[in-house]
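1. Sharing a sequence plus its predicted fold:
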Amino acid sequence: MNIELFQEIKKEIIDNIKIKLDKNFLLSVYTLEDDIYKLQDGLSSEQLEKTIKTLKKISYLKYQSIDELSERLREELEKKSYILLYAYNRTGKTRLSMAFKDIGKTEDSRDTLYFNAFTEDLFFWDNDLEYDSQRVLKINSDSAFFNGLNELEMENRIRPLYQRYSDIDFTIDYTNWSINFSKEVPNPDYDSSIEISEENTVNKIEDNIKISRGEESIFTWCFFLAVAQLAIDEQEAYDWVKFIYVDDPISSLDDNNAIAVASHLAQILKKQEKIKVIVSSHHSLFFNVMHNELKKALPYFLTKNDDGYTLKDTGDTPFFNHVSMLQVLDKADKSGELYTYHFNILRNILEKTASFLGLKNFSDCIRIETDDLDKVIHTRMVNILSHGNYSLFDPMEMVGENKEYFSKIFNNFKDDYKFNRELFNHEIIQER
């Protein structure tokens, strides 16, 4: 609990509640009981309202509605720049983002740029059912999300973001409000016996393709990031943005790409503090990476029960993502189902360990072998195999030799740094 909140709670409890004070006051705050803590007689409606708000902040009382939670978040953002929310699915995260947005919306104005399940609905497919050839993704031109789209060269803003995750290209038709996707594919008519020309190429461009749902989700996300950057850069078309609210940006990501998306989002957001930001997710690894990157953020755990909602501070270490990642790697190593992105996760763990220990390079956490006294081979393997441009949708399995390198580096690391052995007993973990 931060000092400001504690002082506020302490004052409200002392002023307005009959309490059993003891020498451990902080413990008393966390162990409120009906027979010990009673409201003082004769409280004004203002005192009562303020005290009830305080009791909700320490989760003694629960929020009764999504709207009430939204008001609480806006109050927090008057003092802070970032809020992180962790919540399980079906808790109401998406409804909360919409309620937050609605508070700042009138007939003539709005103040929240948001990404959630509704954002993806701003794009819809025209599959050209009549001719089955001109398949395009249509844009809902009525949404304020697309303000000034044709003047802002959005392709050039979206493309470098999208190319982080996919090899598919696209063009935007600003007249018809549609997006055409294309991909380079092998040319079946290529003749290797004659000179390469415009007609005779190894690969050709296939236009008007329909991309997968996963690729479409990534594209929508990159589109949003480009728009968010315009708001951060104070472009006139988006000068109305006072808040950015992101709810579960990408679903069904493997752990490595959850790290990549979270880290990238954090890098964009933390370069500014003018726009206030809320990010909510059900993905613990994504949440933890955001927390580590946005160190000034307020981290909360949102839960829902039959009698209302609670919002609890997760503390300084909301989730131990390095432990989760170690378990992922250990399970993959034992099963032999090792993919190239596992080297990215391994490098991430090595870097964090080196940083924690005050070491200069991640290679300092790699054991020196008799056949590699300078750690050149193993360091190079981690470097090369953790920097490939691998697709999120078509993960590549490691070749046998690389699996051996990975297993050796990873198991030496586990032995050298004494993690709890039970972490790697996956049968016990499943039983729990």
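-> Structure's in. What do you need?
2. can you map out the helices along the stretch 101-250 of the chain?
-> Secondary structure of the stretch 101-250 of the chain, counting by DSSP state H, counting those that start in this stretch: helices at 117-120, 154-162, 213-232.
3. Let me know which of these is the nearest to residue 286.
-> With respect to residue 286, and counting by CB to CB, the nearest of these is helix 213-232 at 12.5 Å. Backbone N, C-alpha and C define where each C-beta goes, glycine included.
4. related to what we said a few turns ago, the helices of the stretch 101-250 of the chain: which one's closest to residue 257?
-> helix 213-232 (9.4 Å).
5. contacting residues around that closest one?
-> With contact meaning CB atoms under 8 Å, 6 or more residues apart in numbering, helix 213-232 is reached by 113, 115, 119-120, 122-123, 137, 145, 152, 154, 157-158, 161-162, 164-166, 168, 170, 179, 211, 237-239, 241, 244, 249-252, 261, 264-265, 268, 271-272, 274-275, 392-393.
6. List the buried residues in that helix.
-> Residues of helix 213-232 classed as buried: 214-232 (neighbour count, 16 or more other CB atoms under 10 Å).
7. From the contacts of helix 213-232, list just the buried residues.
-> When those are checked against 16+ other CB under 10 Å, the ones flagged as buried are 113, 115, 119-120, 122-123, 137, 145, 152, 154, 157-158, 161-162, 165-166, 168, 170, 179, 211, 237-238, 241, 244, 249-250, 261, 264-265, 275, 392.
8. Now, the contacts of helix 213-232 that are in strands?
-> By the criterion of DSSP state E, membership of those in strands covers 113, 115, 123, 137, 170, 179, 244.
9. Looking at those, which is nearest residue 52?
-> residue 244 (29.7 Å).
10. residues contacting that closest one?
-> 112, 113, 114, 228, 231, 269, 275, 276, 277, 278 are the contacts of residue 244 under CB under 8 Å, 6+ apart.
11. Pairing-wise in the sheet, spell out the partners of it.
-> Beta-bridge pairing for residue 244 (DSSP bridges): residue 113, residue 277.
12. which other helices and strands contact whichever helix or strand residue 345 is part of?
-> Following DSSP states H and E, one finds residue 345 within helix 341-357. Judged by 3 or more CB pairs under 8 Å, 6 or more residues apart in numbering; DSSP states H and E, helix 341-357 is in contact with helix 255-269, helix 321-335, helix 376-385, helix 400-416.
13. what is the mean pLDDT for the third one?
-> Per-region confidence: helix 376-385 scores 67 on mean pLDDT.
14. try the longest one
-> When pLDDT is averaged along helix 400-416, the result is 88.
15. That helix versus helix 321-335: what angle between them?
-> 130 degrees (axes from the mean of the first three to the mean of the last three CA atoms, to 10 degrees).
16. if I pick residue 151, what's in contact with it?
-> Contacts for residue 151 (CB under 8 Å, 6+ apart) come out as residue 237.
17. and with 10 Å instead?
-> By CB atoms under 10 Å, 6 or more residues apart in numbering, the residues touching residue 151 are 174, 235, 236, 237.
18. Quickly name whichever of these is closest to residue 298.
-> Nearest to residue 298 among the contacts of residue 151: residue 235, at 27.9 Å, using CB to CB.
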